[in-house]
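> model this:
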Amino acid sequence: MSIIQEKGCQTHGVLHLNYAGISDRDFEDFKDFKSEETEFIYLKRNLLTNVPPAVLQCSALKHIYIEDNELVELPPEICQLHNLCVLNVTGNQLSSLPHTIGQLKNLTKLQIGNNRLTSLPKTLGRLSHLVTLEASRNDLQTVPRELLGCSSLKLLALDKNKLTWLPRQLCWLPSLQELSLAGNFLQYLPPMLFKQPRLKELVLDENTALHYLPYGTAVYETFYSPLLEVSANHVHGNDVVCGHMQEVDPGRSFLVPPPEITDVLTSTHRVPRLEELTMRTVARLLRHQEDVYVLGLPREVADHLAFPTDICAQEQLGNSCQNFVYKSAFPMVFKRHHILRGLLACSYTCFLECLKI
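Residues are numbered from 1 along each chain as shown. Got it, this is the predicted structure:
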């Protein structure tokens, strides 16, 4: 009798092998595995270094839990599991994911936390049914903008990574409700993130380089509340009150603009750069164009037109300005009535005149 037959239990399409101490070799010797009937596999806390080939033959498999093993890779053949809904490989030694993971069209939950991942494959953006992506405790420095294709994504957990910035495209995730970014190295957040209508919870604890938050209409109504957890940044959401505004001093070290804003203009500039003005003009002409990518524009230009960096703060305050901000802007910070140990609200205006509110 093999160790799997001795310690395992396979009934009604479920294979239970948690805490069984099984290795790769044990699966090779397992002859009675009913792969065609198996829908759930539990392999928690074993000694597996690879996903057993027998598991990849389970055409009916819907849930697989291989957390806390010693996996060093996921095989490209994982894409053969067309019915897979839940994949949990938390607590392994994975340094990358196969690009074929984007072929798991029915995947709704992906748990890849506590590994050694330095990047995520762009093909994750093909998982339109993905609801939960848990990738905390890795070595991620950013996430692919292609995640925008995960139109069903509600929970995105990226705690305890090495993130310094987030792609602005993530602000347009249509279903996102919870975003957890605790324990990273964030210096700024995409301004449009705070205009996400469905976002209910944003966790920012232990981002010690984060000294300001973007300003938006919804910020003071929703996000500066108990739902915005930034306690380790020495600030509580309830303490933030919208006050007067002032022009930011470009020499102030706390202001780190989004990477696409290459020039943070000062009061010596009266208008934005020509490139910026051109993009605003083109955007107004294409206001009713559903897809700017079909027009043959350069990828970078099309990407900015489809996902602008911010909207002028005048518009946010209910005034008449209709301009989006793309690659250059006039920054400003908001004073507050309460002392918040250095955390301010930052926004951008399209012209110097808009700064004088």
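> Tell me the pLDDT of the residue sitting nearest the centre point of the chain.
The chain has Leu156 as the residue nearest its centroid, 5.6 Å off, counting by CA atoms, centre = their mean. Leu156 is assigned a pLDDT of 97 by the prediction.
> ok, it touching Leu176?
Yes - judged on CB atoms under 8 Å, Leu156 makes contact with Leu176 at a distance of 6.4 Å. No exception for glycine: its C-beta is placed from N, CA and C like everyone else's.
> picking up where we left off before, which ones are touching the residue nearest to the centre of the chain?
If you count contacts by CB atoms under 8 Å, 6 or more residues apart in numbering, Leu156 has them with Leu133, Leu147, Leu170, Leu173, Leu176, Glu178, Leu179, Ser180.
> How about Ser23?
Asn46, Leu47, Leu48, Thr49.
> That one and Leu94: what is the separation?
Using CB to CB, to the nearest Å, we find Ser23 at a distance of 18 Å from Leu94.
> Over to Ser328?
For Ser328, the distance to Leu94 - CB to CB - is 40 Å.
> Give me the more crowded residue out of those two.
Ser328 (24 against 18; other CB atoms under 10 Å).
> Does that one touch Val271 like I think?
No - using CB under 8 Å, Ser328 is not in contact with Val271, being 9.6 Å away.
> What about Thr281, how many residues nearby?
The burial count for Thr281: 10, using other CB under 10 Å.
> Regarding it, which helix or strand does it belong to?
helix 274-285 (DSSP states H and E).
> Show me what the helix or strand following that helix is packed against.
Where DSSP H and E defines the elements, the next helix or strand beyond helix 274-285 is helix 299-306. Counting contacts by 3 or more CB pairs under 8 Å, 6 or more residues apart in numbering; DSSP states H and E, helix 299-306 is packed against helix 274-285.
> Please identify the buried residues of the helix it packs on?
Glu276, Met279, Arg280, Val282, Ala283 (16 or more other CB atoms under 10 Å).
> can you check stretch 54-64 too?
Neighbour counts using 16+ other CB under 10 Å place Ala54, Val55, Leu56, Cys58, Leu61, Lys62, His63, Ile64 of stretch 54-64 among the buried residues.
> Among the residues you listed, name the ones in strands.
Judged by DSSP state E, strands contain the following of these: His63, Ile64.
> Now flag whichever of the buried residues of stretch 54-64 is closest to Asn138.
Using CB to CB, Ile64 is the member of the buried residues of stretch 54-64 that sits closest to Asn138, with 19.6 Å.
> Distance of that closest one relative to Phe40?
Counting by CB to CB, the gap from Ile64 to Phe40 is 8 Å.
> which SS class is the residue nearest to the centre of the chain?
strand (DSSP: H, G, I helix; E, B strand; the rest coil).
> partner residues bridging it?
For Leu156, the beta-bridge assignment (DSSP bridges) gives partners Leu133, Leu179.
> With pLDDT, distance to Tyr19 and neighbour count added, can I get the contacts of Leu156 in JSON lines?
JSON lines is the format used below for the contacts of Leu156 (pLDDT from 0 to 100; distance: CB to CB, whole Å; neighbours: other CB atoms under 10 Å):
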{"residue": "Leu133", "pLDDT": "98", "distance to Tyr19": "27", "neighbour count": "23"}
{"residue": "Leu147", "pLDDT": "96", "distance to Tyr19": "34", "neighbour count": "22"}
{"residue": "Leu170", "pLDDT": "92", "distance to Tyr19": "37", "neighbour count": "22"}
{"residue": "Leu173", "pLDDT": "94", "distance to Tyr19": "37", "neighbour count": "22"}
{"residue": "Leu176", "pLDDT": "94", "distance to Tyr19": "35", "neighbour count": "24"}
{"residue": "Glu178", "pLDDT": "92", "distance to Tyr19": "30", "neighbour count": "17"}
{"residue": "Leu179", "pLDDT": "93", "distance to Tyr19": "33", "neighbour count": "23"}
{"residue": "Ser180", "pLDDT": "93", "distance to Tyr19": "28", "neighbour count": "19"}
